[in-house]
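Colleague: Structure here, sequence nowhere to be found:
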C-alpha cells in the first residue's frame, strides 16, 4: 500500500514551487508532514513543519462548532431567530431568518462583501483595515442593507452571516469571539498555537502572506489587504498540527457530542455536483452519506484546505502563504486519500 511518505514525495516533486506545509495522517496514528518554501521573503526565513499560517474562511468551522456547543447546552436551537438573539441590530432582516439559515448560507440576508463581484482588498480603501477588529465594526458595513433573497430558498455564500454568528456567540457567552473560540475550541482540541493574531504584531513562527504585484512581478505583503484581526468569518492562524488535533477532537467527541456532529449529515444544502454545505462545513456526499468533511479558505496571501474522511479517519492539511498555493495539490490528493484504507 502506498505510504504517506510516498504520496508526499511524489506530490511535492510535481509541485516543486509549493510554498507551505502539507500534512497527511489518520486520527488513530502519527501524521507525516513536509514543509517547503519561504515563510518570510526579505530575510529568507524558511517554512518549517510547525509554521503557522492564516486559514481565511476555514475559521467558519470553528464558529459553527461554537454555535453547536451553545445549542447542545440548551441556550439556543437551530430554529432560533437571529433577531431574537440580536434584537434591533438588523434593519431589514425578518424574524423568519433562523440560525440554521445563517449556518447554511441560506438566510437571504445582506452581506458586507460580494465574492462574485467585488475584490476583497478594495473594501479597505475607504474603511482602513486597521480599524476592523471587532464584530461591531463589520456589522456597521451591512446591518442596514436590504435583504438579497428569501430565507431558506437558496444557497448563497455569505461572510456577513458568519459575522452575525460571531455576534451571537458574544451575546450569549459575554465573551469576545476570539476568547470564546480559544476556550471552547482551541483549548479543548489542544490546538496549542492556534489564535487570532493582529497583523501588525510580532508573531512567532508565523508565515507572512504574500501577493504578487502583476504589474512588476514584485512580492507584496498582504497586511493592507485584510482586516487587522481575524473575526468569525475568517482570519485565524494555526499550524498543520493544530488542524490535525482539530479533526481528532471533532471525530472523538471532544468538541461536540456525536449526536450534534450527526447534524452535519442531516442538515445539508446542495451546492454543485456532489458538493454540499452542512452547518459551517463543506461536505461531499455519495449514496452512503458523507464522503468527506472539509474546511477551506482563500484570501490575498492565504490559501488553506483540510479534508477529513470520517469512514477511515484519514485527513490532510494544506497551508500556504500565497492565495493559489494549495489548490493543485488538493485536486491531486483528494482521490488518493479517499481510496486509502
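Modeller: Nice, I can see it. On a predicted model such as this, the values are computed, not experimentally measured, just so you know. Numbering: from 1, shown residues only.
Colleague: For the rest of this, base every contact and every neighbour count on C-alpha atoms.
Modeller: Will do.
Colleague: Which helix runs longest in this structure?
Modeller: helix 159-173 (DSSP state H).
Colleague: Give me the residues contacting the strand of greatest length in the chain.
Modeller: Using DSSP state E, we find that the single longest strand of the chain is strand 289-299. Here strand 289-299 makes contact (CA atoms under 8 Å, 6 or more residues apart in numbering) with 55-58, 61, 120, 226, 234, 265, 281-285, 303-311, 323-324.
Colleague: Now, of the residues you listed, which are buried?
Modeller: Buried members of these, scored by 16 or more other CA atoms under 10 Å, are 55-58, 61, 226, 234, 265, 281-285, 303-310, 323-324.
Colleague: coming back round to it: which residues touch the longest helix of the chain?
Modeller: Contacts with helix 159-173, where a contact means CA under 8 Å, 6+ apart, come from 60, 63, 66-67, 75, 82, 85-86, 99, 102-103, 105, 107, 109-113, 135-136, 138-139, 142, 175-177, 180, 231-233.
Colleague: just stretch 321-337 next, same as before
Modeller: 11, 15, 18-20, 39, 53-54, 207-211, 298-305, 314-315, 318-320.
Colleague: can I assume residue 79 sits in a strand?
Modeller: No. Residue 79 is assigned coil when assessed by DSSP: H, G, I helix; E, B strand; the rest coil, not a strand.
Colleague: Phi, psi for it please.
Modeller: Backbone torsions of residue 79, given as degrees, to the nearest 10, read phi -90, psi 0.
Colleague: tally of neighbours for it?
Modeller: Per other CA atoms under 10 Å, the neighbour tally for residue 79 reads 12.
Colleague: how near is the nearest residue to residue 63 once chain neighbours are set aside to residue 139?
Modeller: Setting aside the residues directly before and after it, residue 63 is nearest to residue 232 in space (CA to CA, 6 or more residues apart in numbering), at 5.9 Å. Applying CA to CA, to the nearest Å, the value for residue 232 to residue 139 is 12 Å.
Colleague: Then residue 184?
Modeller: Distance from residue 184 to residue 139, by CA to CA: 24 Å.
Colleague: For the protein, which segments are assigned as strands?
Modeller: 20-26, 29-36, 38-40, 45-46, 53-54, 210-213, 218-221, 237-238, 269-272, 275-278, 281-286, 289-299, 302-309, 314-320.
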